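**Q** Turn this into a structure:
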Amino acid sequence: MRILTVGDIVGLEGLKKLETSLPQLKKDECIDFCIVNGENVADGMGINEKCYRAILNSGADVVTLGNHTWAKKEVFNFIDDEKIVRPANYSNNNPGKGFGIYEANNKKIAVINLIGRVGMNVLSDNPFTKAAEIIENIKDKVDYIVIDFHAEATAEKIALGYYLDGKANIVFGTHTHVQTSDEVILDEGTGFITDIGMTGPIKSVIGMDIGASLKRFETSIPERYKVADDKAKLNSCIFEINDELKRVVNIKRVNL
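**A** Okay, the predicted model is just below:
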């Protein structure tokens, strides 16, 4: 089983890059299942239905979200769709679901979305205990478990990887928009990487306009972020799972 995870789509240029690159990437790499984080796709903050459908039409099997899940009111019109998941450790009273179960190559794949608590400025339950709770409930119903951990702190992401080693097949980080070079297969066979990066403007500050970003840091005066207007790159990571051993046997970072 070859699973492709694509980093946070940032704005229109990021979406265009996904649309032009994903079909060929999936073909070249013989991808069986594809997960795309789309929480920054609509003007750099949130997701709308048009962008959501475009991500699916590009070849994504499921779209994960994060701290900007509720940024666009339109999200409430499609948040219950089976191919979109929001952080599972948001309140249970929120619409949408925190995980989904999908099929590929006669295998059942659970995709769980979680959000971190360190430096994230969001109200959420403990991602560690929430992950353990969900996995305990579904482990006998699925073949593979994949987790998108949308978090700021590298330590929190790395800790979750060790916490879930042998319990989840893949744990990958999103949110910081910078691809890390620490991909590793942990002792019990879980594939982990701290952050898979972003799909968005190259000449930017994590996808945002450089001028606006510099003004915020230089003056500490709030400046409205806007998506940078530049050609985009695509960051992603491919995890190969041995179907007999149910262990990750190879991890490949991709930067197009």
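
**Q** What ranges does the stretch 151-256 of the chain have for its helices?
**A** Ranges of helices within the stretch 151-256 of the chain are 154-163, 210-219, based on DSSP state H, counting those that start in this stretch.

**Q** Show me where the stretch 1-150 of the chain dips below the pLDDT cut-off.
**A** Residues of the stretch 1-150 of the chain meeting the criterion pLDDT under 70: none.

**Q** can you pull out the helices in the stretch 1-150 of the chain?
**A** 11-28, 49-58, 127-138.

**Q** could the ones you listed go into TSV alongside mean neighbour count and distance to Gly173?
**A** Any C-beta I mention is one placed from the backbone N, CA and C, and that applies to glycine too. Shown next, in TSV, are the helices of the stretch 1-150 of the chain (neighbours: other Cβ atoms under 10 Å; distance: least, Cβ to Cβ, whole Å):
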stretch	mean neighbour count	distance to Gly173
helix 11-28	19	18
helix 49-58	18	19
helix 127-138	17	12
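
**Q** Which among those helices is found nearest to Leu234?
**A** Comparing the helices of the stretch 1-150 of the chain against Leu234 with Cβ to Cβ, the closest turns out to be helix 11-28 (5.0 Å).

**Q** now that closest one against helix 49-58, angle please.
**A** Per axes from the mean of the first three to the mean of the last three Cα atoms, to 10 degrees, the angle that helix 11-28 makes with helix 49-58 is 20 degrees.

**Q** list the helices and strands helix 11-28 packs on?
**A** strand 2-6, strand 8-9, strand 33-37, helix 49-58, strand 198-201, strand 232-242 (3 or more Cβ pairs under 8 Å, 6 or more residues apart in numbering; DSSP states H and E).

**Q** just these: most buried one?
**A** strand 8-9 (a mean of 32; mean count of other Cβ atoms under 10 Å).

**Q** and for that strand, what are the contacting residues?
**A** Strand 8-9 has contacts (Cβ atoms under 8 Å, 6 or more residues apart in numbering) with 14-15, 18, 36-41, 51, 55, 66, 174-175, 177, 197-200, 207.

**Q** who does it pair up with?
**A** Within its sheet, strand 8-9 is paired with strand 198-201 (parallel), according to DSSP bridges.

**Q** related to what we said a few turns ago, hey, which of the helices of the stretch 151-256 of the chain is tucked in deepest?
**A** Comparing the helices of the stretch 151-256 of the chain by mean count of other Cβ under 10 Å gives helix 154-163 as most buried, with a mean of 18.

**Q** thinking again about what came up before, ok, which of the helices of the stretch 1-150 of the chain comes nearest Leu214?
**A** Closest of the helices of the stretch 1-150 of the chain to Leu214 is helix 11-28, at 18.5 Å (criterion: Cβ to Cβ).

**Q** now that closest one against strand 232-242, angle please.
**A** With the same axes, to 10 degrees as the basis, helix 11-28 and strand 232-242 are set at 40 degrees to each other.

**Q** ok so, going back, where among the helices of the stretch 151-256 of the chain is the average confidence lowest?
**A** In terms of mean pLDDT, the lowest-scoring of the helices of the stretch 151-256 of the chain is helix 210-219 (a mean of 91).

**Q** still on that earlier bit, please produce CSV containing the helices of the stretch 151-256 of the chain, extended by distance to Ile138.
**A** CSV is the format used below for the helices of the stretch 151-256 of the chain (distance: least, Cβ to Cβ, whole Å):
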stretch, distance to Ile138
helix 154-163, 17
helix 210-219, 40
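
**Q** So which of those helices is nearest Asn77?
**A** That would be, of the helices of the stretch 151-256 of the chain and by Cβ to Cβ, helix 210-219, which comes in at 29.8 Å.

**Q** what's next to that closest one, contact-wise?
**A** Counting by Cβ under 8 Å, 6+ apart, 203-205, 221-226, 228 sit against helix 210-219.

**Q** Which among those residues count as buried?
**A** The neighbour-count criterion (16 or more other Cβ atoms under 10 Å) marks 204-205, 223, 225, 228 among these as buried.
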